[in-house]
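In: Please work out how this folds:
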Amino acid sequence: MKKVLFILSIAILAACNPTAKLPTILSEADAAFNQADYTKAYTLYAEYIQLAASNNVEVSKDLLIKQAQSCAQIDKADEATAIYDQLLKDDSNIGLVAEYSQLLQREGRTDQELALWQSYADKITTPELLKLKAERQVFLNAANENSEAVVAAYESKGEAVLSKEAQLTYIKALEATGNAGRAVKTCNELIKEQPDYEAALEWKARYYYNKAEDRYKYEMAKYNKNKNATTYAYLRRDLKKVSADFRIARDTFIRLRQMNPQDQSYIRYLKNTYLRLEQKDDAARMDKLLK
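Out: Next comes the predicted model:
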């Protein structure tokens, strides 16, 4: 009889004080979250938040973060972003911008992520976040094919050392914005630091090959319009300059082929470069390797 009365009294108290259920709901929600049962955690956290709001009970930052993370795991990105937006109104939560960025990156929301970094740029002060901001702005603007913005983002990085991928993205943006000289210099610096970075070596090789090939065709077309002894002498002089670029391309493609012997594009470039340098035997050897 006493046990029955005890249970009834608890039920009456719970009915009179709905907030009495909050600790139990929170405990069950945290247990589900820790077990990676994000659907259950989401449901329980949502119940807690609704009940707390109805009874003027403050919801902790930790709970809101877990709810945002639960939303992200069960394809409720819009709810997650709403929670992050709410949390970031407090400057002390600025560290959450990295977590928020990851969500938007995973969702492929390029413009929204760009807007996120721009909105909180002035509040970001830690070295880790400053580096992440610069890197993400470089990649996001590259995805939007905005080379000018890529250059601006990279050059505002301060003392941060960005990844080799971000540096190469910057190099390509420099080239695209008519700053080829700076691009080459930056690429050489990157290769000095990362001598086995194939993508940077490939950019350098292709850059010098295309530069030399374009100049070669230009000089030959100019000579063919007015063939005489004088223009021939000028042609030989100018082609010597072109050959210097072809030799840089050749040496870099040789190195690339050592790294990746089966890459057909490297073999094809080498064949063409050998032909321009009048290394016919080497060109023939490359030709036999082409499938």
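In: gap between the closest residue to T126 other than its chain neighbours and L132?
Out: What sits nearest to T126 in space, not counting adjacent residues and going by CB to CB, 6 or more residues apart in numbering, is G95, at 7.8 Å. (C-beta placed from N, C-alpha, C; glycine too.) Distance, G95 to L132, by CB to CB, to the nearest Å: 11 Å.
In: before we move on, back to that, do you know how far the residue nearest to T126 is from L116?
Out: Distance of G95 to L116, computed by CB to CB: 13 Å.
In: what about the two, which has more around it?
Out: Between G95 and L116, L116 has the larger neighbour count (other CB atoms under 10 Å), namely 23 against 13.
In: Do I have it right that that one meets L103?
Out: No. Taking CB atoms under 8 Å as the definition, L116 is not a contact partner of L103, at 9.8 Å.
In: So for the two, which residues contact both of them?
Out: Residues touching both L116 and L103 by CB atoms under 8 Å, 6 or more residues apart in numbering: none at all.
In: Helices of the stretch 51-200 of the chain, start to end?
Out: Listed in chain order, the helices of the stretch 51-200 of the chain (DSSP state H, counting those that start in this stretch) span 61-73, 77-87, 96-107, 110-119, 127-143, 147-155, 164-176, 180-193, 198-225.
In: Distance to T43 added to the ones you listed, as CSV?
Out: Compiled in CSV, the helices of the stretch 51-200 of the chain are given as follows (distance: least, CB to CB, whole Å):
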stretch, distance to T43
helix 61-73, 9
helix 77-87, 12
helix 96-107, 20
helix 110-119, 26
helix 127-143, 32
helix 147-155, 40
helix 164-176, 40
helix 180-193, 49
helix 198-225, 46
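In: Make CSV out of those and add distance to I254 and mean pLDDT.
Out: Supplementary listing: the helices of the stretch 51-200 of the chain in CSV, determined by distance: least, CB to CB, whole Å; pLDDT from 0 to 100:
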stretch, distance to I254, mean pLDDT
helix 61-73, 47, 95
helix 77-87, 48, 96
helix 96-107, 38, 96
helix 110-119, 38, 96
helix 127-143, 29, 96
helix 147-155, 30, 97
helix 164-176, 21, 98
helix 180-193, 15, 97
helix 198-225, 9, 94
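In: Now for K225, how many residues are close by?
Out: 8.
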